[in-house]
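# My questions are about this predicted structure, shown below with the sequence.
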Amino acid sequence: MTNSRIATFDKEDWQKILDAMNYFIRCQQEELSKRNVGDKEWQELMEYEAIATDILLYVIGNDSK
């Protein structure tokens, strides 16, 4: 399939994406704490946290809300 499009997002769109990721991370943290899971699950969640940080620092920049 050769019909591909690259999406473009403005800073407001990226902020919404970041807000959704942060909400997901908070919910997962609560769930993982309740279930008292091991390191594997927390490591997987840390990958999401790293992506959220990258979006904040490198995509949105310092002028975020």
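Cool, got the structure.

# For the helix or strand where residue 30 lies, the averaged confidence score.
Using DSSP states H and E, residue 30 falls within helix 11-35. Within the predicted structure, the mean pLDDT of helix 11-35 is 96.

# do stretch 49-57 as well
Per-residue confidence for stretch 49-57 averages out to 95 on the pLDDT scale.

# who's in contact with it?
14, 17, 18, 21, 22, 25, 64 (C-beta atoms under 8 Å, 6 or more residues apart in numbering). C-beta: built from backbone N, CA, C; applies to glycine.

# Reformat those residues as JSON lines; add neighbour count.
Formatted as JSON lines, the entries for the contacts of stretch 49-57 read as follows, by neighbours: other C-beta atoms under 10 Å:
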{"residue": "14", "neighbour count": "16"}
{"residue": "17", "neighbour count": "16"}
{"residue": "18", "neighbour count": "20"}
{"residue": "21", "neighbour count": "17"}
{"residue": "22", "neighbour count": "15"}
{"residue": "25", "neighbour count": "16"}
{"residue": "64", "neighbour count": "13"}
